[in-house]
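S.K.: sequence first, then the predicted structure, then my questions.
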Protein chains: 2
Amino acid sequence: MRIVIPLFDRFTALDAVGPYEALKFLPDAEIVFVAAEAGAVRDVPRWLAITADATFGEIDACDVLLVPGGPGTRGLLEDENLIGWIRRMHQESTWTTSVCTGSLLLGAAGLLRGLTATTHWGAVDVLESFGAVYTPERVVHQGKLVTAAGVSSGIDMALWLAARIAGRTVAEAIQLAIEYDPQPPFDAGSPAKAPQAAKDLLAKGIR
Amino acid sequence: MRIVIPLFDRFTALDAVGPYEALKFLPDAEIVFVAAEAGAVRDVPRWLAITADATFGEIDACDVLLVPGGPGTRGLLEDENLIGWIRRMHQESTWTTSVCTGSLLLGAAGLLRGLTATTHWGAVDVLESFGAVYTPERVVHQGKLVTAAGVSSGIDMALWLAARIAGRTVAEAIQLAIEYDPQPPFDAGSPAKAPQAAKDLLAKGIR
């Protein structure tokens, strides 16, 4: 089972690595990071790079497509090299998935028109501009299309997907392996829960 | 504020990337991935590589040391190049932290003797062989030493640390930025909670 994760300049690393760390345990899984060019691909703020081991041209099919998001997505919505590749991967994939603003790339590929989907809470308007109906849920699935909310939600999505692919006990064993028993010290993980002061600070820019 | 994350062959990517994704928002933070040699460092099962931008020799001090774990730790417990470097970093660090079996490396450096600490639930015996007292909590702190439990716990630790460094509102803004509102589809994230069938499968090997 080939799982493919495209990378691009200014991606968000946890969008990709959260689900990667869960899905790598799946029986028969093989995971490939892929990009326009092979080699190191940088995130924002450029302190982290993950190696793409293949180019888009080298990967012509996959079982699971997992598209991460990041600030870089906004400049790629009309990039046919990436968007066209996503569209081709989707034609024969078993599952087409996204984390965070990765769903904007699925939207740009025309895959979400008329469907319910999710994305980072800060990108709802762009998602809806592609004809998707935003749903403020952590993991949204319609047929083979699965979208997850912001950044860390990819872990939840991956466990859901692992259960669909290999059964609940496998997913539970993966959850135990990565000791995913979350205990956030605060309860500010969504706009509905975060204190106004935290929202104001984020809007202004933390750094 | 310089945050340094050492990498080594067969590290676990989420141990490093979970906290990275939170701490990168801290005001004045600069995060550097470092390794014995600069360049791509591979995880298990070698499908992922993160670039080390500096060598141990190039980094002689930091404010926050964050040591990830992974299967590779077991072969590095007597590696003076890494262990001696950790010991030196700890001398002047403000915070010395670990995720998962990264605590074994802190233990090997002699930093946990007589202290309570945590690690991945599967590595308790090795942790205790270094004189630490294992505590089955998600984040354990004693003075400037902070250890986190398995893999995904690094996100919880990073938010705790962000609050200590920059205040609760900053930590809450970060939690909102990464939409960390975890909703695991199952409740199997610790040995105390996981069904026996999942524990048996993991012991046997999922793949």
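M.R.: Sure, I can see it. Numbering: from 1, shown residues only, chains lettered A, B, ... in the order given.
S.K.: geometric centre of chain A: which residue is closest?
M.R.: Among the residues of chain A, the one closest to the centroid is A:Val99, at 2.1 Å (C-alpha atoms, centre = their mean).
S.K.: if that one is in a bridge, with which residues?
M.R.: Judged by DSSP bridges, the bridge partners of A:Val99 are A:Ala148.
S.K.: is it in contact with A:Tyr20, as I believe?
M.R.: No - counting by C-beta atoms under 8 Å, A:Val99 sits too far from A:Tyr20 to count as a contact (10.3 Å). For glycine as for every other residue, the C-beta is placed from the backbone atoms N, C-alpha and C.
S.K.: identify the contacts common to these two.
M.R.: A:Leu66 (C-beta atoms under 8 Å, 6 or more residues apart in numbering or on different chains).
S.K.: picking up where we left off before, could you measure the residue nearest to the centre of chain A against A:Arg207, distance?
M.R.: The gap separating A:Val99 from A:Arg207 is 23 Å, by C-beta to C-beta, to the nearest Å.
S.K.: repeat that for A:Leu106.
M.R.: 29 Å.
S.K.: quick one: which of these two has more around it?
M.R.: Neighbour count, other C-beta atoms under 10 Å in any protein chain shown: between A:Leu106 and A:Arg207, A:Leu106 has more, with 28 against 10.
S.K.: that one: which element?
M.R.: helix A:102-108 (DSSP states H and E).
S.K.: neighbours around A:Thr94, how many?
M.R.: 13.
S.K.: just checking, it touches A:Leu66?
M.R.: No - the pair A:Thr94 / A:Leu66 is not scored as a contact, 11.9 Å apart, by C-beta under 8 Å.
S.K.: all helices for chain A, in order.
M.R.: Using DSSP state H, the helices found in chain A span residues A:13-23, A:80-92, A:102-108, A:124-129, A:153-166, A:168-177, A:196-204.
S.K.: deepest of the ones you listed, which one?
M.R.: helix A:13-23 (a mean of 29; mean count of other C-beta atoms under 10 Å in any protein chain shown).
S.K.: packing partners of that one?
M.R.: Counting contacts by 3 or more C-beta pairs under 8 Å, 6 or more residues apart in numbering or on different chains; DSSP states H and E, helix A:13-23 is packed against strand A:2-6, strand A:30-35, strand A:49-52, strand A:64-67, strand A:95-99, helix A:153-166, helix B:13-23.
S.K.: just the angle for that helix relative to helix B:153-166, thanks.
M.R.: 150 degrees (axes from the mean of the first three to the mean of the last three C-alpha atoms, to 10 degrees).
S.K.: for the record, mean pLDDT for helix A:13-23?
M.R.: Helix A:13-23 carries an average pLDDT of 98.
S.K.: just the pLDDT for A:Arg207.
M.R.: Reading off the confidence values, A:Arg207 has pLDDT 87.
S.K.: my guess is it contacts B:Phe25, does it?
M.R.: Yes - contact criterion C-beta under 8 Å: A:Arg207 and B:Phe25 qualify, at 6.4 Å.
S.K.: re earlier: including distance to B:Leu145, could the helices and strands packed on helix A:13-23 go into TSV?
M.R.: Shown next, in TSV, are those (distance: least, C-beta to C-beta, whole Å):
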stretch	distance to B:Leu145
strand A:2-6	34
strand A:30-35	34
strand A:49-52	29
strand A:64-67	36
strand A:95-99	33
helix A:153-166	26
helix B:13-23	15
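S.K.: wait, which of these is closest to B:Ala54?
M.R.: Proximity to B:Ala54 (C-beta to C-beta) singles out strand A:49-52 among these, at 12.8 Å.
S.K.: pull the distance from the closest one to the chain's centre.
M.R.: 16 Å (C-alpha atoms, centre = their mean, to the nearest Å).
S.K.: hmm, who's touching it?
M.R.: Residues contacting strand A:49-52 (C-beta under 8 Å, 6+ apart): A:7, A:13, A:16-17, A:33-35, A:37-43, B:40, B:48-51, B:53.
S.K.: mind running it again at 6 Å?
M.R.: Outside strand A:49-52, the residues that touch it by C-beta atoms under 6 Å, 6 or more residues apart in numbering or on different chains are A:7, A:33-35, A:38, A:40-42, B:40, B:49-51.
S.K.: and those residues as a markdown table, adding neighbour count?
M.R.: A markdown table is the format used below for these (neighbours: other C-beta atoms under 10 Å in any protein chain shown):
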| residue | neighbour count |
| --- | --- |
| A:Leu7 | 23 |
| A:Phe33 | 21 |
| A:Val34 | 22 |
| A:Ala35 | 22 |
| A:Ala38 | 14 |
| A:Ala40 | 18 |
| A:Val41 | 25 |
| A:Arg42 | 18 |
| B:Ala40 | 18 |
| B:Ala49 | 20 |
| B:Ile50 | 26 |
| B:Thr51 | 20 |
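S.K.: which one of these is nearest B:Ala148?
M.R.: Relative to B:Ala148, the closest of these is B:Ile50; by C-beta to C-beta it sits at 18.7 Å.
S.K.: per-residue confidence at the closest one?
M.R.: Here the pLDDT value assigned to B:Ile50 is 98.
S.K.: still on that earlier bit, dump the helices of chain A to CSV, plus distance to B:Ile59.
M.R.: Shown next, in CSV, are those (distance: least, C-beta to C-beta, whole Å):
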stretch, distance to B:Ile59
helix A:13-23, 20
helix A:80-92, 35
helix A:102-108, 33
helix A:124-129, 39
helix A:153-166, 30
helix A:168-177, 31
helix A:196-204, 30
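S.K.: what's the neighbour count on the closest residue to A:Thr97 other than its chain neighbours?
M.R.: The shortest distance from A:Thr97 to any non-neighbouring residue, by C-beta to C-beta, 6 or more residues apart in numbering or on different chains, is to A:Val146 (4.3 Å). Residues near A:Val146, counting by other C-beta under 10 Å, number 25.
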